[in-house]
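J.: Provided below for reference: sequence and predicted model.
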Amino acid sequence: MSATVQADPSTPAGSASGLTPRRPIGDRAFQLLALLSGLLVLVILVLIAITMSQQSTSWFTAEGWSGVFSLDWDPAHGKFGAMAFVFGTVVMSLIAIVIAFPISVGVALLLTEVVPRRWAQPIVYVIDLLAVVPSVVWGLWGILVLVPWLQADIYPHVASALNGIWILGNLFGPLNGNYVSGASFFTAGLVLAIMIVPIMTSLSREVIATVPASDKEGAYALGATRWEMIRGAVWPHSQVGVMGATLLGLGRAMGETIAVALVCGASATVTSHLLTPGYAMPAVIALQFGEATAGVFRSALIGMGVLLFALTIIVNLSARAIVERNARRMRGAA
Amino acid sequence: MAAVTTNPGTVDLREPSGWRRAKSQFATGAMWFAFACLLVPLGFVLVTVIAKGGSIISWQFLTVGIPPNVLPATFGGMGPAVLGTLLITALAAVIAIPLGVLGAVYLNEYGGNRPLARLLSFLSDVMTGVPSIVMGLFIYTIWVIPHGLTGYSGMAGAFALACLMLPIVIRSSYEMLRLVPDSLRQGSFALGATKARVVLTVVLPAATGGIVSGALLAVARAAGETAPLLFTIGVVTANNPNIFSGSNTALSAQIWLNASQPYDGAQARAWGAALTLIAIAFILMVVARLVTARFNKYPR
């Protein structure tokens, strides 16, 4: 298809005779317009990187590398270390991925391998609906419904049951004897998981749908059960693509702001206890920007945005690279 | 086939044993359980929002002003926020959709396999992953800081939302343009049409359904966004129909402000605003579906 698209600049077009080599001015203007619109993506990304880095220079000059990558966040005393927020973002996103991965792969397999086509549509509607609920509504529900419920009825029991158990006690046990909070690392991860499941499910589904029917039928013909077919034919073919989808979900989770800002508990701490309040990079930008109208504080928050931008770009680039490489390998295999 | 290694050791030719069948049924059950894990929070959220928002929402709620500075107040509505959301989202759509469609036209019709087109296609993929709060900070940096306090306006918010929508519109339009059969283009070239004319009168009309539904989904997503608006539209509680100057407000921003208030009145207004916002996004989604069904000429 690209061959015909490529061939046409030499296509004589335009005038009544149809053979004049010069293309009309309107035609070339339209091409230029389309090119400029396409270039806009590049321009915006470059501008984001340049202008926001410029605004954050005073953070780096005031704090230095050691100050920026320290755990010390105390705006009142001019201490702006970002690491507690980086920690929170990474921990919450990992919790989200651990929860969302089995769910989205399960639903993607359900859609592709289990239910007949006409049943698949309602399930897709549910996923679309989930994707259309805005972040701030998840946050509102999270802070007014989910957090009080978890704090009163779930977390205390989980914490007392797991307290003292090796590793689990460190992760889910209470802090200082009896302290657990509904607004916490884990709650933020839970809400994030719900929010990234739609994108991860639809991407995984696209990958799984590319498994050749002959592979699947071959597995069935050898007497495999459905699960054995999935493990033997579907999974080896799609595992790399599903990893790419998971990384894209991770990128989404890292950048998600409003819902996390409302349910994370807003405490810049580094701890192994997941049922205690934490903080995240986008959340601190959203929550503290109002107080930071100028100076190093504002510069630090914009700088946090630059760090977030860089982190999500890296995660996205690696996800795309994995998916791309896998797609090429699969084309070669088919 | 070589790369796809099925393990021949795990299958045999006998009837599946009870244990193997049970394992398979357990796996299917686990998949349904995963789906249930989606249904429960979705149902929970929708029921809560409809129950709590439905009790406050009324025509008056949607048109009356936001009570200024009296957060415990149980009167008042979300009129300025409804107006702001509609205006800001509409302006963002007016900016992002034409540019996005034109960008997709470049990628598919002009770029072909050129390195620049491949780079731009890749970058638009990457740009869909840029967090919405970064778009807000970006517009704050290049628009609000140079303009000072007058920089806060509905237009600045619309710029941020447009940055968010642009790559989504490019991606979805690009996918739709790729589905238009080449024979249509070749036929019109054979009739002597210029490239621009072919694109505008043949290719784009053929892909209209998909492009419109993709654009509407992008609008639906943008309408619910809060983070890009936090640093760009300022704070106001009165109607501001002038989107180009003066602070504005939006439903999502009002939910954000009211959600963490301990007062019943503020929380009730937040639920009402949430119901309104979900309704707007839901209507856009349903319209997108209907458009897809109506124009579904070249299904995947």
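T.: Yes, it's here.
J.: all contacts plus neighbour counts: C-alpha atoms, from now on.
T.: Fine.
J.: Flag the shaky bits of the chain, pLDDT-wise.
T.: All of this is about chain A. Counting by pLDDT under 70, the ranges of chain A that qualify are A:1-21, A:177-178, A:330-334.
J.: Switch to chain B, please.
T.: B:1-16, B:69-74, B:296-300.
J.: Centroid-nearest residue for it?
T.: Closest residue to the average C-alpha location of chain B: residue B:221 at 2.0 Å, with C-alpha atoms, centre = their mean.
J.: Contacts only, for the nearest residue to it once chain neighbours are set aside.
T.: Nearest residue to residue B:221, sequence neighbours excluded (C-alpha to C-alpha, 6 or more residues apart in numbering or on different chains): residue A:132, at 6.4 Å. Applying C-alpha atoms under 8 Å, 6 or more residues apart in numbering or on different chains to residue A:132 gives the contacts B:220, B:221, B:278, B:281, B:282, B:285.
J.: What's the local residue count around residue A:293?
T.: By other C-alpha atoms under 10 Å in any protein chain shown, 11 other residues sit near residue A:293.
J.: Please apply the same query to residue B:102.
T.: The local packing of residue B:102 (other C-alpha under 10 Å) involves 25 other residues.
J.: One more: residue A:116?
T.: For residue A:116, the count of nearby residues is 11 (other C-alpha under 10 Å).
J.: Likewise for the one 5 residues further on?
T.: Here the count is done by other C-alpha under 10 Å, and residue A:121 has 13 residues near it.
J.: Check the one 10 residues further on too.
T.: For residue A:131, the count of nearby residues is 18 (other C-alpha under 10 Å).
J.: Go ahead and list the helix or strand containing it.
T.: In the assignment (DSSP states H and E), residue A:131 maps to helix A:117-132.
J.: Next, the buried residues of that helix.
T.: The neighbour-count check on helix A:117-132 (16 or more other C-alpha atoms under 10 Å in any protein chain shown) flags A:123, A:124, A:126, A:127, A:128, A:129, A:130, A:131, A:132 as buried.
J.: same thing with stretch A:152-160?
T.: Neighbour-count burial for stretch A:152-160, counted by 16+ other C-alpha under 10 Å, picks out A:155, A:156, A:158, A:159, A:160.
J.: Now do the same contact list for the residue of chain B at minimum distance from chain A.
T.: Residue nearest to chain A within chain B: residue B:103 (3.9 Å; C-alpha to the nearest C-alpha). Shown in contact with residue B:103 (C-alpha under 8 Å, 6+ apart): A:34, A:35, A:36, A:37, A:38, A:39, B:170.
J.: now with 10 Å?
T.: If you count contacts by C-alpha atoms under 10 Å, 6 or more residues apart in numbering or on different chains, residue B:103 has them with A:33-41, B:97, B:109-111, B:117, B:120-121, B:124, B:166-167, B:169-171, B:173-174.
J.: next one: residue B:60
T.: Contacts of residue B:60 by C-alpha under 10 Å, 6+ apart are B:76, B:77, B:78, B:79.
J.: Let's see if you can find the most crowded of the residues you listed.
T.: Result: residue B:78 is most packed of the contacts of residue B:60 (other C-alpha under 10 Å), 29 neighbours.
J.: looking just at contacts, which helices and strands does the longest helix seen in chain B meet?
T.: Scanning chain B for the longest helix, with DSSP state H as the assignment, gives helix B:18-54. Packing contacts for helix B:18-54, counted by 3 or more C-alpha pairs under 10 Å, 6 or more residues apart in numbering or on different chains; DSSP states H and E, involve helix A:83-109, helix A:117-132, helix A:135-141, helix A:185-209, helix A:226-229, helix B:264-294.
J.: mind putting those in TSV, distance to residue A:56 included?
T.: TSV is the format used below for those (distance: least, C-alpha to C-alpha, whole Å):
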stretch	distance to residue A:56
helix A:83-109	16
helix A:117-132	33
helix A:135-141	27
helix A:185-209	27
helix A:226-229	52
helix B:264-294	34
